[in-house]
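Chemist: A predicted structure for the sequence below; I have some questions about it.
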Amino acid sequence: MGNSTHTALDATALRAEFPLLATPRPDGGAVHYLDSAATSQKPQRVLDAMDAYYRETNANVHRGVYEMAAEATERFEAGRDAVARLVNHPREATVFTKNATEAINLVAWAWGVRELREGDEIVVSMMEHHSNTVPWQIVAGITGATVRFCPVTPGGEIDMDALRGMVGGRTRMVAVVHVSNTLGTINPVEEIVAMAHEAGALTMVDATQSVPHMPVDATAIGSDFLAFTGHKMCGPTGIGVLAAAPGRLEAMEPFLGGGEMISDVTTEGSTWNDIPWKFEAGTPPIAEAVGLGEAVRFMEEIGPERIRAHEKVVAQSMLDALDEVPGLTIYGPRDVERRGASFSFSLDGVHPHDIGQFLDSKGVCVRAGHHCTKPLLRSMGVQSTARASAYLYTTDDDVIALRDALVECREWFGAA
Amino acid sequence: MVRGGLMGGLDDLYQQLILDHYRNRRGRGRIDGASASVHEHNPVCGDECYLDILVVDGRIADIRADGDGCSISQAAASMLTEVAKDKELGEALDLVEHFRLVMHGDAEPDEDILGDAVALEGVAKYPVRVKCALLSWLALRDCIADYRETTAMGG
Ligand SMILES: Cc1ncc(COP(=O)(O)O)c(C=O)c1O
């Protein structure tokens, strides 16, 4: 595992394992992919693992008695083992979903719709991704519960005093993002979980932007639910994870019904399969679980702590580089101990769309928009930002290309 | 689409005329006592557009657009206010429809109809940006519809 050495990871060498990054653009330039917060690139071995599954053992999982079906089941369940190991969580409480969004919706529907009552409160932070906001609003609309938003400080952190004032006797759920996809902020989720539990509330931690980038110990965090998504951690799209407290899953009724999730079905009614399968209705994303398992092994071989160490270095270079661009404002914390390597920024006189378009012409891929965090942007008084986000394959070269393109961009649009 | 995006195409998209309208917005602001007003926003980026028209004798006597947005949306709004002014309402709708077809690649741009907005032709190749260009133009369509509805109701 990641204890191989304490030497820094070699991002340039790692790039060679990612076909998309290793292939030059038609003009011969490198691809400066700075949109990993949206989705990561995939190493060849993940593509190979998925391909091998289809070529060698494609069969539906569980129930099949023939050899190949058993092999498919084994590879699928090995994906679960890998994911559970990565976040130090019991495998039986590690549920595969379509993505992080579905993992959160699963809880909102299977738990929220049944358990919430008028007068109950769900507390979320202002920096949540829409996927950790909208499901709660929907459920609140059905049950009469209320969603309350905890403000974010001007420095881009959850206002912990405000949160302490909000979490109380009426609170049934506290849903917070571990690392903000827009600001990069690392939130003190252990502290928030403890605060919520003290008030008798459950907790949902959106670990979508932490699991790919740093060691995450779901057991140590201790939340009732923790969600993340495969495609941002070198894995494929179409698979996400809900890591739940085993007792919670046992107690919850299913979310979706169908094949796989039942124990028995009669004309009178049905009984449920054991966890985690009780929450995995229908044919699961088999090849995706195989690919995600391989992505986890890839991450483990590098070591999550080395990925984090690399990204701290990149985050510091990014801060220094962005500071050199005239008229540029960075949103979110400036201390690399308190942030990941996602940077939202604005450039005086140039709209984020135009930044994104101009940078594309220089081979630099950044995102422009609200990053699915509209309440946050509204609270900051901006409509959209540009965002550059790094990963284990991001090099100084990428950071320099970003800086130079931004300087040129400002001149080009006549804002300088 | 070929990886590497625009390559030499940056100048195609951002023609000089577009940058000029972006830096020197025409027809910007609001109209006191407007005959009709709409407020539209682009869900992709959150950009907003306020469009006001003043109708006198079935013609657009004044038109103003306000709001913030990218260079494409701001230039498109600026060009719209120039070309739509003094048009009859029916003519203005035809103008919007022609521009919409051009943006969707379903018509060749006619400079006599579009005026400066012909410079936006290159936007059609960038599907994400088409919405930016269309925002204010479709706002005019909605504005005219609103106006006709309220006047038909005797308002
Ligand atoms: C913080 C955060 N939460 C949730 C999501 C949703 O992930 P997915 O779209 O894979 O469900 C994202 C990704 O956009 C994210 O950045």
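Modeler: Good, I have the coordinates. Since the structure is predicted, the reported quantities are computational estimates derived from the model, not experimental observations. Numbering: from 1, shown residues only, chains lettered A, B, ... in the order given.

Chemist: What residue in the stretch 151-300 of chain A comes nearest to chain B?
Modeler: Across the stretch 151-300 of chain A, the shortest distance to chain B (C-beta to the nearest C-beta) belongs to A:Thr182, at 13.0 Å. From N, CA and C alone the C-beta is placed, and that goes for glycine too.

Chemist: how near is that residue to A:Asp35?
Modeler: 13 Å (C-beta to C-beta, to the nearest Å).

Chemist: Could you do A:Asn88 as well?
Modeler: Distance from A:Asn88 to A:Asp35, by C-beta to C-beta: 29 Å.

Chemist: now swap in A:Glu250 and tell me
Modeler: Counting by C-beta to C-beta, the gap from A:Glu250 to A:Asp35 is 39 Å.

Chemist: which of the two has more neighbours?
Modeler: Per other C-beta atoms under 10 Å in any protein chain shown, whichever of A:Glu250 and A:Asp35 has more neighbours is A:Asp35, with 20 against 14.

Chemist: That one touches A:Cys365, doesn't it?
Modeler: Yes: in this structure, A:Asp35 is within contact of A:Cys365 by C-beta atoms under 8 Å, at 5.0 Å.

Chemist: All the helices of the stretch 151-300 of chain A, in order from the start?
Modeler: Secondary structure of the stretch 151-300 of chain A (DSSP state H, counting those that start in this stretch): helices located at A:160-166, A:189-198, A:218-221, A:246-251, A:286-302.

Chemist: Describe which strands the helix or strand where A:Arg148 lies pairs with in its sheet and in which direction.
Modeler: Assigned by DSSP states H and E, A:Arg148 belongs to strand A:146-150. Strand A:146-150 pairs in its sheet with strand A:121-125 (parallel), by DSSP bridges.

Chemist: tell me the average confidence for whichever helix or strand comes after the partner strand?
Modeler: Heading C-terminal from strand A:121-125, the first helix or strand you meet, by DSSP H and E, is helix A:134-143. Average pLDDT, helix A:134-143: 98.

Chemist: Tell me the gap between helix A:134-143 and the middle of its chain.
Modeler: 22 Å (C-alpha atoms, centre = their mean, to the nearest Å).

Chemist: residue in chain B nearest to the ligand?
Modeler: For chain B, the residue closest to the ligand is B:Val44, as judged by C-beta to the nearest ligand atom, at 15.1 Å.

Chemist: Revised request: answer the last question for the stretch 251-400 of chain A.
Modeler: Counting by C-beta to the nearest ligand atom, the stretch 251-400 of chain A gets nearest to the ligand through A:Cys372 (5.7 Å).

Chemist: Quick check: closest non-adjacent residue to residue 39.
Modeler: In the absence of a named chain, this looks at chain A. Spatial nearest neighbour of A:Thr39, chain neighbours left out: A:His231 (4.9 Å); criterion: C-beta to C-beta, 6 or more residues apart in numbering or on different chains.

Chemist: My question was about chain B, not that one.
Modeler: Closest residue to B:His39 apart from its sequence neighbours, by C-beta to C-beta, 6+ apart: B:Tyr50 at 5.2 Å.

Chemist: swap in B:Arg26?
Modeler: Excluding the flanking residues, the one nearest B:Arg26 by C-beta to C-beta, 6+ apart is B:Ser78, at 4.6 Å.

Chemist: For that neighbour, list the residues it contacts.
Modeler: B:His21, B:Tyr22, B:Asn24, B:Arg25, B:Arg26, B:Gly27, B:Arg28, B:Ala65 (C-beta atoms under 8 Å, 6 or more residues apart in numbering or on different chains).

Chemist: A:Asp48 too?
Modeler: A:Glu294.

Chemist: so who does the residue lying closest to A:Val87 once chain neighbours are set aside touch?
Modeler: Spatially, and ignoring its direct neighbours in sequence, A:Val87 is nearest to A:Ala218 (4.4 Å; C-beta to C-beta, 6+ apart). Counting by C-beta under 8 Å, 6+ apart, A:Ala218 touches A:Val87, A:Asn88, A:His89, A:Ala207, A:Leu226, A:Ala243.

Chemist: Let me know the pLDDT of A:Ala218.
Modeler: Looking at A:Ala218, its pLDDT reads 98.

Chemist: Could you report the separation of it from the ligand?
Modeler: 16 Å (C-beta to the nearest ligand atom, to the nearest Å).

Chemist: Leaving out chain neighbours, which residue sits closest to the residue of chain B closest to the ligand?
Modeler: B:Lys131 (5.8 Å).

Chemist: The helix or strand containing that neighbour: which residues count as buried?
Modeler: Under the criterion of DSSP H and E, B:Lys131 resides in helix B:127-152. By neighbour count on 16 or more other C-beta atoms under 10 Å in any protein chain shown, the buried set for helix B:127-152 is B:129-141, B:143-144, B:146-147.

Chemist: Determine the set of other helices and strands touching that helix.
Modeler: For helix B:127-152, the packing partners by 3 or more C-beta pairs under 8 Å, 6 or more residues apart in numbering or on different chains; DSSP states H and E come out as helix A:352-360, strand B:36-41, strand B:48-56, strand B:59-66, helix B:71-84, helix B:89-103.

Chemist: Report the inter-axis angle for the fourth one versus strand B:48-56.
Modeler: Okay, so that is strand B:59-66. With axes from the mean of the first three to the mean of the last three C-alpha atoms, to 10 degrees as the basis, strand B:59-66 and strand B:48-56 are set at 160 degrees to each other.

Chemist: Same question for the first one.
Modeler: Inter-element angle recorded for helix A:352-360 and strand B:48-56: 120 degrees (by the same axes, to 10 degrees).

Chemist: Helix A:352-360 - contacts with which helices or strands?
Modeler: So helix A:352-360, by 3+ C-beta pairs under 8 Å, 6+ apart, packs with strand A:367-369, strand A:385-389, helix A:396-412, helix B:10-13, helix B:71-84, helix B:127-152.

Chemist: same thing but 7 Å
Modeler: strand A:367-369, strand A:385-389, helix A:396-412 (3 or more C-beta pairs under 7 Å, 6 or more residues apart in numbering or on different chains; DSSP states H and E).

Chemist: right, and those - which one's nearest chain B?
Modeler: When these are compared by C-beta to the nearest C-beta, strand A:367-369 sits nearest chain B, at 5.2 Å.

Chemist: what's the closest one in contact with?
Modeler: A:Asp35, A:Ala38, A:Pro352, A:His353, A:Ile355, A:Gly356, A:Ser384, A:Ala386, A:Arg387, B:Val44, B:Cys45 (C-beta atoms under 7 Å, 6 or more residues apart in numbering or on different chains).

Chemist: mind checking how far it is from the chain centre?
Modeler: 17 Å.

Chemist: ok, is that strand in contact with the ligand or not?
Modeler: No: counting by C-beta under 6 Å from any ligand atom, the ligand is not contacted by strand A:367-369; separation bottoms out at 10.0 Å.

Chemist: Buried residues, that strand. List them.
Modeler: Of the residues in strand A:367-369, A:Arg367, A:Ala368, A:Gly369 count as buried by neighbour count, 16+ other C-beta under 10 Å.
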